[in-house]
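K.L.:
With the sequence up front, the predicted model follows.
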Amino acid sequence: MLSLKFLAVGCCALQVVHAVPKWPRESRNEFNIVKRSASSFLQTEVPIALADLLCNIGSAGSCAAGAKSGVVIASPSKTNPDYFYTWTRDSALVFKCIVDTFINSYSSSLQTEIENYINAQAIVQGISNPSGSLSNSGTGLGEPKFNVDETAFTGAWGRPQRDGPALRAIALITYSKWLINNGYQSTANSIVWPIIQNDISYVAQYWNQTGFDLWEEVNGSSFFTIANQHRALVEASALATTLGKSLPNAQTQAAQALCFLQSFWSPSQGYIIANINQNNGRSGKDANTLLGSIHTFDPEGNCDASTFQPCSDRALANHKVVVDSFRSIYSINNGIPAGTAAAVGRYPEDSYQGGNPWYLNTLAAAELLYDALYQWKRIGAITVTSTSLAFFKDLDSSITVGTYSSSSSTYTTLYNAVSNYADGFVNNVATYAPSNGSLAEQYNRNNGQPLSAYDLTWSYAALLTAAARRSGVVPYSWGETSASSVPSVCSYTSAVGTYSSASTGSWPPNQTPTGGSGSTTTSKSTSVSASSTSKSASSTAVATNPVTVTFDEIVTTNFGQTIKIAGNVPALGNWNTGNAVALSADEYTSSNHLWNVGISFAPGTVIQYKYINVASNGDVTWEADPNHTYTVPATGATAVTVNNSWQS
């Protein structure tokens with residue numbers, strides 16, 4: 001990366017405390033190749049990854065000493081390389097993760113972190129820097145990174161970078177949606193909206209100007225940037241309507257950004273060109289494009305090629321081309337055939353630190369497929385086109401172009417093959433991750449040894465995002481279905497924005513979820529096994545708060561059916577079947593009809609719940625009364641398992 005650095009993440013529905021003492025870098029990168037399955041690896045790695053992610057956020061994070069409240073560091077590493085800075089892009093994607101986590105399972109401590117982040121961004125927006133200032137037509141919003149004490153970084157760098165404002169707006173819009181849904185619209189209006197408005201003004205004004213890409217090396221037009229700018233404009237327009245605000249240019253500029261986004265697709269080559277309007281001599285095959293698809297994934301979206309949704313033929317064709325580009329250049333990929341997971345780097349011509357695989361990119365390859373699986377399952381069919389045929393042929397050589405409904409054996413074959421393929425990328429990370437759970441930036445292309453910055457926040461977040469999608473945990477829809485039509489004529493214009501300083505908010509207390517509890521009946525007892533986790537000097541600490549409850553449900557199902565859990569708390573959807581949490585059938589066998597899922601709760605939480613069977617057409621069948629009741633341990637446990645059987 002030529003000594004340039006950034007961070008981008010997602011997250012899953014878990015929470016741990018911040019203050020995790022860190023062992024020295026040398027011991028954290030101790031490494032032995034260990035073969036582990038995706039399930040067993042994620043079971044141990046997810047709490048480690050989330051603990052280390054939160055540890056890298058100031059000022060509560062013990063790994064981020066010196067960072068102001070709400071500031072995200074890329075890595076605690078200060079030498080070889082020095083990543084002890086905060087990036088607008090990094091911070092936005094980290095907190096998009098945290099907001100999604102908070103929405104899935106309410107946590108007052110996470111809410112405080114979100115509020116701290118929003119306050120920090122109000123300050124950062126107003127810092128004059130080498131890119132400009134807020135008062136100078138918003139130019140300062142394109143500054144990529146700052147010192148962790150909220151002062152300007154004035155050294156040479158690849159600037160401006162235009163994805164940061166879009167990504168920050170997306171994170172803040174998501175939290176605003178939660179505030180509105182729970183009756184706190186005035187907070188979204190007075191505290192959050194002024195920051196969003198500045199960022200969207202910047203996006204509308206500068207989306208069609210070149211800047212440096214997410215790897216901070218190429219000055220041109222970046223797929224990742226334009227895709228997220230389109231999303232931000234779409235979401236902001238809808239939020240403005242809800243809040244009674246005016247964003248007259250958001251919709252028109254969104255349509256033109258989508259029009260421009262089509263320029264990155266090369267029909268003749270069958271993949272997305274990562275950067276255009278530049279001349280760097282590269283092939284354009286780049287994990288930039290995988291990340292673009294997963295960060296604009298809409299769980300309610302269709303397989304729209306125009307927005308490069310994960311299940312679209314373009315995204316799948318591109319997935320094959322990007323992954324295949326690393327098969328022959330990394331020794332650790334030797335002998336791995338097409339259609340089998342391999343280590344994934346940034347782009348095949350990469351030379352930074354030797355040009356190695358990155359944990360986050362290998363995980364992005366998995367996440368894109370998990371996203372596609374989610375969309376196919378919701379839609380009830382898999383469509384193979386001439387564009388995506390090569391991708392599917394790697395998994396089933398007999399496949400032909402067509403649409404295969406979820407009731408067909410071909411659908412089952414393809415669905416299972418893609419699921420196994422996705423797990424393979426997680427297995428690859430599991431193989432080359434140190435046994436103590438530490439994730440660096442890269443791993444050696446020849447022997448898998450961890451390289452570059454240690455405890456990279458992006459790596460941990462990518463692990464969490466992939467794990468969440470694998471478990472069926474998805475974020476809010478951003479309105480993709482209403483914003484996927486490409487205008488017949490592209491007009492690469494812009495709209496001059498208005499900018500004003502946002503103030504740090506005085507947050508109202510007790511803004512808790514207000515959803516109803518649903519109806520209840522006589523409760524049913526459950527059998528439970530519990531485990532606690534202690535910490536030694538040689539292992540990563542796992543927080544004792546909250547408690548991860550694994551629900552094991554024994555129930556016989558047919559193909560196309562999904563078991564979900566609904567209950568009286570936000571983490572279980574407040575009895576709303578549309579927000580119920582899907583269980584996984586990964587451990588379901590002919591002799592053990594097990595569905596399960598892990599969900600985090602605050603200690604002492606009393607939950608009532610039932611299981612539902614959701615058919616492929618969306619029909620819902622509830623299990624019989626009574627409700628199950630369970631009280632999460634108040635002390636002494638970090639993980640428990642609740643054993644149930646379907647009540648008929």
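P.N.:
In hand now; what should we look at?
K.L.:
which residues of the stretch 451-600 of the chain score low on pLDDT?
P.N.:
Under the criterion pLDDT under 70, the flagged ranges of the stretch 451-600 of the chain are 515-545.
K.L.:
Which stretches in it count as helices?
P.N.:
Defined through DSSP state H, counting those that start in this stretch, the helices belonging to the stretch 451-600 of the chain, from first to last, are 457-470.
K.L.:
do the same with the stretch 251-400 of the chain
P.N.:
Remark: helices assigned in the stretch 251-400 of the chain by DSSP H, counting those that start in this stretch are 288-295, 313-324, 359-379, 389-393.
K.L.:
now the ones you listed as CSV including mean neighbour count?
P.N.:
Any C-beta I mention is one placed from the backbone N, CA and C, and that applies to glycine too. Shown next, in CSV, are the helices of the stretch 251-400 of the chain (neighbours: other CB atoms under 10 Å):
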stretch, mean neighbour count
helix 288-295, 27
helix 313-324, 24
helix 359-379, 25
helix 389-393, 19
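K.L.:
For N568, find the nearest of those helices.
P.N.:
Across the helices of the stretch 251-400 of the chain, N568 has its closest neighbour in helix 359-379 (25.2 Å, CB to CB).
K.L.:
circling back to that earlier point, out of the helices of the stretch 251-400 of the chain, which gets nearest to P267?
P.N.:
For the helices of the stretch 251-400 of the chain, distance to P267 was read as CB to CB. The smallest value, 9.4 Å, belongs to helix 313-324.
K.L.:
follow-up on the earlier one: can you list the helices of the stretch 251-400 of the chain in a markdown table and add distance to T605 and mean pLDDT?
P.N.:
A markdown table is the format used below for the helices of the stretch 251-400 of the chain (distance: least, CB to CB, whole Å; pLDDT from 0 to 100):
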| stretch | distance to T605 | mean pLDDT |
| --- | --- | --- |
| helix 288-295 | 31 | 99 |
| helix 313-324 | 38 | 99 |
| helix 359-379 | 27 | 98 |
| helix 389-393 | 43 | 99 |
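K.L.:
just so I know, which of those helices lies nearest G140?
P.N.:
If you check each of the helices of the stretch 251-400 of the chain against G140 by CB to CB, helix 288-295 wins as the nearest, at 23.8 Å.
K.L.:
what comes into contact with the closest one?
P.N.:
By CB atoms under 8 Å, 6 or more residues apart in numbering, the residues outside helix 288-295 that reach it are 8, 10, 93, 167, 213-215, 222-224, 227-228, 231, 264, 271-272, 274-275, 308-310, 315, 318-319, 322, 344, 346-347, 361, 364-365, 367-368, 371, 465.
K.L.:
hmm, back to that, want to throw the helices of the stretch 251-400 of the chain into TSV with distance to G335?
P.N.:
Below are the helices of the stretch 251-400 of the chain laid out as TSV (distance: least, CB to CB, whole Å):
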stretch	distance to G335
helix 288-295	23
helix 313-324	14
helix 359-379	17
helix 389-393	20
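K.L.:
do you know which of these lies nearest P130?
P.N.:
Nearest of the helices of the stretch 251-400 of the chain (CB to CB): helix 288-295, 24.2 Å.
K.L.:
quick one on the thing from earlier: and of the helices of the stretch 251-400 of the chain, who's closest to G618?
P.N.:
Closest approach to G618 among these (CB to CB): helix 359-379, 8.7 Å.
K.L.:
Quickly list the domain ranges of this structure.
P.N.:
25-482, 523-645 (automatic domain parsing).
K.L.:
Can you tell me which of those is packed in deepest?
P.N.:
Sort the domains of the chain by mean neighbour count, taking mean count of other CB atoms under 10 Å, and domain 25-482 sits at the top with a mean of 21.
K.L.:
in the stretch 501-648 of the chain, which spans are strands?
P.N.:
Secondary structure of the stretch 501-648 of the chain (DSSP state E, counting those that start in this stretch): strands at 523-524, 527-531, 547-554, 562-567, 581-582, 594-601, 606-614, 620-622, 627-631, 639-645.
K.L.:
just to revisit the earlier point, among the helices of the stretch 251-400 of the chain, which is nearest T631?
P.N.:
With distances scored as CB to CB, the stretch of the helices of the stretch 251-400 of the chain nearest to T631 is helix 359-379 (31.6 Å).
K.L.:
Distance to N510 for the domains of the chain - can I get that in CSV?
P.N.:
Shown next, in CSV, are the domains of the chain (distance: least, CB to CB, whole Å):
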stretch, distance to N510
domain 25-482, 9
domain 523-645, 15
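K.L.:
Show me the one of those domains that comes nearest W507.
P.N.:
Smallest distance to W507 across those (CB to CB): 4.8 Å, for domain 25-482.
K.L.:
Off-centre distance for that closest one?
P.N.:
6 Å (CA atoms, centre = their mean, to the nearest Å).
K.L.:
Give the helix, strand or coil label for the closest residue to N228 other than its chain neighbours.
P.N.:
When the adjacent residues along the chain are set aside, N228 lies closest to A166, with 4.6 Å between them (CB to CB, 6 or more residues apart in numbering). Counting by DSSP: H, G, I helix; E, B strand; the rest coil, the backbone at A166 sits in helix.
K.L.:
wait, A166 sits on Q229?
P.N.:
Yes. Taking CB atoms under 8 Å as the definition, A166 is a contact partner of Q229 at 4.5 Å.
K.L.:
Common neighbours of the two, please.
P.N.:
Between them, A166 and Q229 have V203 as joint contacts when contacts are counted by CB under 8 Å, 6+ apart.
K.L.:
give me the element I195 is part of.
P.N.:
In this structure, I195 is located in helix 193-206 according to DSSP states H and E.
K.L.:
mind exporting that helix as CSV, just the C-alpha atoms?
P.N.:
Extracted C-alpha coordinates of helix 193-206, given in CSV (Å, rounded to 0.1, in the frame of the first residue of the first chain):
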residue,chain,number,x,y,z
TRP,A,193,-29.2,15.5,10.7
PRO,A,194,-26.8,18.5,10.6
ILE,A,195,-23.8,16.2,10.2
ILE,A,196,-25.6,14.1,7.6
GLN,A,197,-26.6,17.2,5.6
ASN,A,198,-23.0,18.3,5.3
ASP,A,199,-21.9,14.9,4.1
ILE,A,200,-24.7,14.5,1.6
SER,A,201,-24.1,18.1,0.3
TYR,A,202,-20.5,17.0,-0.3
VAL,A,203,-21.6,13.8,-2.1
ALA,A,204,-24.0,15.6,-4.3
GLN,A,205,-21.4,18.2,-5.2
TYR,A,206,-18.4,16.0,-5.8
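K.L.:
which secondary structure elements does the helix or strand just after that helix contact?
P.N.:
Sequence-wise, the next helix or strand beyond helix 193-206 is strand 211-212, with elements assigned using DSSP H and E. Judged by 3 or more CB pairs under 8 Å, 6 or more residues apart in numbering; DSSP states H and E, strand 211-212 is in contact with strand 219-222.
K.L.:
Just name whatever secondary elements the helix or strand just after the strand it packs on is in contact with.
P.N.:
From strand 219-222 onward toward the C-terminus, using DSSP H and E, the following helix or strand is helix 223-243. Helix 223-243 is packed against helix 164-181, helix 193-206, helix 250-261, helix 288-295, with contacts defined by 3+ CB pairs under 8 Å, 6+ apart.
K.L.:
Right, I'll call it a day here.
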